[in-house]
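Asker: Okay, sequence plus prediction incoming.
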Amino acid sequence: MTAVAQAPTAAASASKAGAADRFYPLRRALETLGAPVAALLLATAAFSLFLLALGKSPAEFWWLVWRGAFGSAFSLQNTLQRAAPLLLTALCVALPAQLGLVVIGGEGALALGGLAATVAALPLQGTWPPLVQLVMAAAGIAAGGAWIALTGLLRARRGVNETVASLVLSYIGIALFNHLVEGPLRDPSSLNKPSTWGIGDANMIGPLPGTDLHPGLPVGVIACILCWVLIFRTSTGFAARVTGGNLRAAQLQGLPVSRLIIAACALGGGFAGLAGMIEVAAVHGRANASLLAGYGYEGILIAFLARHNPLAIMPMAVLMGGIGAAGGLLQRRLDLPDATVVVLEGLIFVSILASETLYGRIRWFQPRGDR
């Protein structure tokens, strides 16, 4: 019998404790679903009070959010377009979280992934476009993966707190990105907005047939599904969850904890780097400050909303993408600043953290023995 098969898990313990309680799986599912829903409702109520303090109508605000996010075919496509990179940056948080790590460096990995993809495409101008795009994807994944893997390496080999390390490395990555874009790699013709040379129209990724959506959306969906399979249907994923449940127990069982940590960080960073590559190849055509749109930071919120479940990331990414897509309409109709949406996202994040403190502590949701 392998060490992985022998390792105890919290899920197995809960299953044994609730063997005599046939309704426990239902209550557990309700708790898992109810935590983020309750957090969203709490954030909605708090933000409504904030709007009333500003003299704005909460009812009108939420109606405009709906219209701007899902009220028409155009707004829906805009929402899905914004959700595409969020799917991948959320995985940058969710995968290391399976091992109990809080990695928040997706913004830096996305920026460096986009820059690396651009640099890889420049010497290949005039070659077969699918080959260029493949090389760009490989470069973006490698750059993002290596940058976040450094966080995992520091955590596994030196015991450095991964949250602090990933945040500091993100700032360093963004500073390095800005230095290269505004310095050695700058296109001299980009006067008002420093940018690299373009990858060429032939190498751009076209929209999906009949839509304005680029292929980043299906790529993100497929990535979430594959990650769910990896986490919940493979021995590697099981070992990662065992490590996240009890690091000391995983070490005693002989699991390769250090390798799992580094691999999870590298894979998550690779997805963030791929998001940067797609933004360059499908939207901007070059690396510039437009890549620093906050997708990496929003991915943190989405991952926590989804409780780090790759399948739940998909609807949460659409929700947050919709809130971002409605920002312009809110500015025009309610005369609200851009930062209003950021306030809403901050309240959601605080509410999610508050709900996490209650998860698993409400007695009604706990398994019950024979009576």
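Answerer: Received the coordinates, thanks.

Asker: Low-confidence regions, the chain specifically.
Answerer: 1-21, 369-371 (pLDDT under 70).

Asker: Could you pull out the strands in it for me?
Answerer: Here the chain has no strands by DSSP state E.

Asker: Give me the most central residue, it.
Answerer: The structure's the chain has its C-alpha centroid closest to residue 90; by CA atoms, centre = their mean the separation is 1.1 Å.

Asker: Now that that residue has come up, it's in contact with residue 317, right?
Answerer: Yes. When contacts are counted by CB atoms under 8 Å, residue 90 is listed as touching residue 317 (6.1 Å). Every C-beta, even on glycine, is put in place using the N, C-alpha and C of the backbone.

Asker: Which residues are in contact with each of these two?
Answerer: Taking CB atoms under 8 Å, 6 or more residues apart in numbering as the contact rule, residue 90 and residue 317 both touch residue 302.

Asker: What's the separation between residue 117 and residue 175?
Answerer: In this view, residue 117 and residue 175 are 19 Å apart by CB to CB, to the nearest Å.

Asker: Between these two, tell me which one has more neighbours.
Answerer: residue 117 (31 against 12; other CB atoms under 10 Å).

Asker: wait, doesn't that one sit right on residue 136?
Answerer: Yes. Counting by CB under 8 Å, residue 117 does reach residue 136; the two are 3.9 Å apart.

Asker: Overlap in contacts, the two.
Answerer: 277, 280, 281.

Asker: check contacts around the residue nearest to the centre of the chain.
Answerer: Contact analysis of residue 90 by CB under 8 Å, 6+ apart lists 299, 300, 302, 303, 306, 313, 316, 317.

Asker: Neighbours of the fourth one, how many?
Answerer: Looking back up the chat, that one is residue 303. Residue 303 has 32 neighbours, counted by other CB under 10 Å.

Asker: right, and it touches residue 313 too?
Answerer: Yes. The criterion here is CB under 8 Å, and residue 303 meets it with residue 313 at 6.6 Å.

Asker: who touches both of the two?
Answerer: By CB under 8 Å, 6+ apart, the residues touching both residue 303 and residue 313 are 90, 91, 94.

Asker: So the last one is in contact with residue 309, correct?
Answerer: Yes. Using CB under 8 Å, residue 94 makes contact with residue 309 at a distance of 7.4 Å.

Asker: between those two, which one's more packed in?
Answerer: Between residue 94 and residue 309, counted using other CB under 10 Å, residue 94 has the larger neighbour count: 29 against 20.

Asker: which residues does the more buried one contact?
Answerer: Residues near residue 94 by CB under 8 Å, 6+ apart: 227, 268, 303, 306, 308, 309, 310, 313.

Asker: Let me see the contact set for the fourth one.
Answerer: By that I understand residue 306. Shown in contact with residue 306 (CB under 8 Å, 6+ apart): 36, 90, 94, 312, 313, 316.

Asker: What about the nearest residue to it once chain neighbours are set aside, how many residues nearby?
Answerer: The shortest distance from residue 306 to any non-neighbouring residue, by CB to CB, 6 or more residues apart in numbering, is to residue 312 (3.6 Å). Look at residue 312: counted by other CB under 10 Å, it has 21 neighbours.

Asker: Contacts only, for residue 312.
Answerer: Each residue near residue 312 by CB under 8 Å, 6+ apart is listed here: 36, 305, 306.

Asker: Can you report how many residues lie near residue 57?
Answerer: Look at residue 57: counted by other CB under 10 Å, it has 13 neighbours.

Asker: ok, it to residue 334 distance?
Answerer: For residue 57, the distance to residue 334 (CB to CB) stands at 8 Å.

Asker: How about residue 188?
Answerer: Counting by CB to CB, the gap from residue 188 to residue 334 is 42 Å.

Asker: who has more neighbours, the two?
Answerer: Neighbours per residue (other CB under 10 Å) separate residue 188 from residue 334, with residue 334 holding more: 15 against 6.

Asker: Please report how far that one lies from residue 323.
Answerer: Relative to residue 323, residue 334 is positioned 14 Å away (CB to CB).

Asker: Kindly report the same for residue 337.
Answerer: Taking CB to CB as the measure, residue 337 and residue 323 are separated by 15 Å.

Asker: Residue 299 contacts residue 89, correct?
Answerer: Yes. Counting by CB under 8 Å, residue 299 touches residue 89, with 3.0 Å between them.

Asker: Any buried residues in stretch 115-134, and which?
Answerer: 115, 116, 117, 118, 119, 120, 121, 122, 124, 129, 132, 133 (16 or more other CB atoms under 10 Å).

Asker: pretty sure residue 344 contacts residue 46?
Answerer: No. In this structure, residue 344 is not within contact of residue 46 by CB under 8 Å, at 9.3 Å.

Asker: Give me the more crowded residue out of these two.
Answerer: residue 344 (22 against 15).

Asker: picking up where we left off before, okay if I get the shared contacts of residue 303 and residue 313 as TSV plus distance to residue 110?
Answerer: Below are the shared contacts of residue 303 and residue 313 laid out as TSV (distance: CB to CB, whole Å):
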residue	distance to residue 110
90	12
91	12
94	15
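
Asker: and which of the residues you listed is nearest residue 368?
Answerer: Using CB to CB, residue 94 comes nearest to residue 368 of the shared contacts of residue 303 and residue 313, at 31.0 Å.

Asker: For that closest one, give its distance to residue 129.
Answerer: 32 Å.

Asker: Repeat that for residue 109.
Answerer: Counting by CB to CB - residue 109 and residue 129 are separated by 25 Å.

Asker: ok, back up a step: relative to residue 247, which of the contacts of residue 94 is nearest.
Answerer: Checking the contacts of residue 94 against residue 247 with CB to CB, the nearest one is residue 308 at 16.5 Å.

Asker: now the helices for the stretch 201-350 of the chain?
Answerer: Here the stretch 201-350 of the chain has its helices, by DSSP state H, counting those that start in this stretch, at 216-233, 235-245, 247-252, 257-279, 295-305, 310-325, 327-334, 339-358.
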